[in-house]
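Chemist: pasting the sequence and the predicted coordinates here, then a few questions.
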Amino acid sequence: MSDPVVIVGTGLAGYNLAREFRKLDSETPLLLITADDGRSYSKPMLSTGFAKSKDADGLCMAEPGAMAEQLAAQVWTHTRVTGIDPGHQRLWIGEEAVPYRDLVLAWGAEVLRVPIEGDASEELFTVNDLHGYGHFRQAAQGKRRVLILGAGLIGCEFANDLSLGGYEVDLVAPCEQLMPALLPAEAAAAVQAGLEALGVRLHLGPVVSRLQHAGDGLEAHLSDGRSIACDLVISAVGLRPRTDLAAAAGLAINRGVMVDRQLRTSHANIYALGDCAEVDGLNLLYVMPLMACARALAKTLSGTPGEVTYGAMPVTVKTPACPLVVSPPPRGSHGNWTVEGSGADIRALCHDASGALLGYALTGAAVQEKLALNRQLPALLP
């Protein structure tokens, strides 16, 4: 039997690549390896589970056995890759060598850790996969006060979801507005007003410097001298592409594992996609680019090299308290923002000097304009 195509990771990137590959090649042996339990789920749904009253099992779409059968593949769960040997086209699982014809890295990104003092500093939850969601949801039973660290996209989505799930939510972040890397101030203010109307308490500016036990709960001390009583703390301060094993194997690394438009790393027969990959200089931690990469890489792996293209890649943020769609201007572009509207309905557009649309941020009723605006946006990777 020939050596298999090996995909490391069974998140959206790994499983969707396997599906696309099987549409084109039903014969080549296929092996998926994951350090977790291999259940298929949609990661964006992790920040909607409380509002929908779904536990981890409720968000699971298929067990690994069913995925293996569907994909005519082997799925190795609870299996951690410990090394990659590009010269001999094999990877290591402890002392066991696993050969590959082609290797695909689809192992995602890890949550950034923030240093906090105090006797409860280790009690920070992260929700970056189905296991983490299940662990947090179990801990949240019977509790009511949740503190969120981080005011980015994920922190805001969790704040909205937990509020709809009946929890009291405080959010702390060392910035002047919500989602500062994504939104102009007016759009951020609209989202802030929506979350505050749900009862979310925002503490923008300070950081949590100490977390300690206090009776049956916790007490978070802020850098401005205030303190917040809570039962649980979620850290949502950002993600970092997983690159350690790739770097140890000598692959080129920047923000993520560097790949070209064919998703090829700096070594032949090794590819990367999803949150761990930096595609032609872009590391986009969203579903739309991931799906485009899966389709293109499936063609390459099945013998017809294909290059990935990114059209406009707008992001729908799951904050129903204030609907939001944002398409950030492309890297290296220069433009000016113009803002119209008031209250919850903000239409913020970014144009270059010639008047061409570079990006937008739409909130409230203005999100209805996204389809018309998308047609005017430049492609991110033409």
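Modeler: Here it is on my side, so go on. Residues are numbered from 1 along each chain as shown.
Chemist: now do the strands in the stretch 51-200 of the chain.
Modeler: For the stretch 51-200 of the chain, the strands defined by DSSP state E, counting those that start in this stretch cover 74-76, 83-85, 90-93, 96-99, 102-105, 109-111, 124-125, 145-149, 168-173.
Chemist: what's next to the first one, contact-wise?
Modeler: The one in question is strand 74-76. Under the contact criterion C-beta atoms under 8 Å, 6 or more residues apart in numbering, strand 74-76 has outside partners 4, 10, 29-34, 38, 64-65, 67-68. No exception for glycine: its C-beta is placed from N, CA and C like everyone else's.
Chemist: list buried residues within those.
Modeler: 4, 10, 30-34, 38, 64, 67-68 (16 or more other C-beta atoms under 10 Å).
Chemist: skipping adjacent residues, who's closest to Ala181 in space?
Modeler: Leaving out its chain neighbours, the residue that sits closest to Ala181 by C-beta to C-beta, 6 or more residues apart in numbering is Gly152, at 7.0 Å.
Chemist: quick one, what contacts that neighbour?
Modeler: So Gly152 contacts 173, 179, 181-182, 236-238 (C-beta under 8 Å, 6+ apart).
Chemist: tell me the buried residues in stretch 141-153?
Modeler: 145-153.
Chemist: repeat that for stretch 46-53.
Modeler: 46-51.
Chemist: quick one: mean pLDDT over it.
Modeler: In this model, stretch 46-53 has an average pLDDT of 97.
Chemist: begin at 272 from now on, thanks
Modeler: Noted, 272 is the first residue going forward, which turns the last one into stretch 317-324.
Chemist: can you check the distance spanned by that stretch, start to finish?
Modeler: End-to-end distance for stretch 317-324, by C-alpha to C-alpha, to the nearest Å: 11 Å.
Chemist: chain center to that stretch: distance?
Modeler: On the basis of C-alpha atoms, centre = their mean, to the nearest Å, stretch 317-324 sits 16 Å off its chain's mean C-alpha point.
Chemist: how about stretch 289-309?
Modeler: The answer for stretch 289-309 is 21 Å, by C-alpha atoms, centre = their mean.
Chemist: now that stretch: average pLDDT?
Modeler: So the average pLDDT for stretch 289-309 ends up being 98.
Chemist: got it, and stretch 368-381?
Modeler: 98.
Chemist: returning to that earlier point: going by distance to Gln483, which of the buried residues of stretch 412-424 wins?
Modeler: The shortest approach to Gln483 among these belongs to Leu418, at 12.7 Å (C-beta to C-beta).
Chemist: leaving out sequence neighbours, find the closest residue to Val443.
Modeler: His474 (4.5 Å).
Chemist: surely that neighbour touches Pro445?
Modeler: No: between His474 and Pro445 there is no contact under C-beta atoms under 8 Å: 9.8 Å.
Chemist: between the two, who's got more neighbours?
Modeler: Neighbour count, other C-beta atoms under 10 Å: between His474 and Pro445, His474 has more, with 19 against 16.
Chemist: that one belongs to a strand, doesn't it?
Modeler: Yes: looking at His474 with DSSP: H, G, I helix; E, B strand; the rest coil, it is inside a strand.
Chemist: tell me how far it lies from Gly426.
Modeler: With distances taken as C-beta to C-beta, to the nearest Å, His474 is found 12 Å from Gly426.
Chemist: centroid residue for this protein?
Modeler: Leu556 (4.9 Å; C-alpha atoms, centre = their mean).
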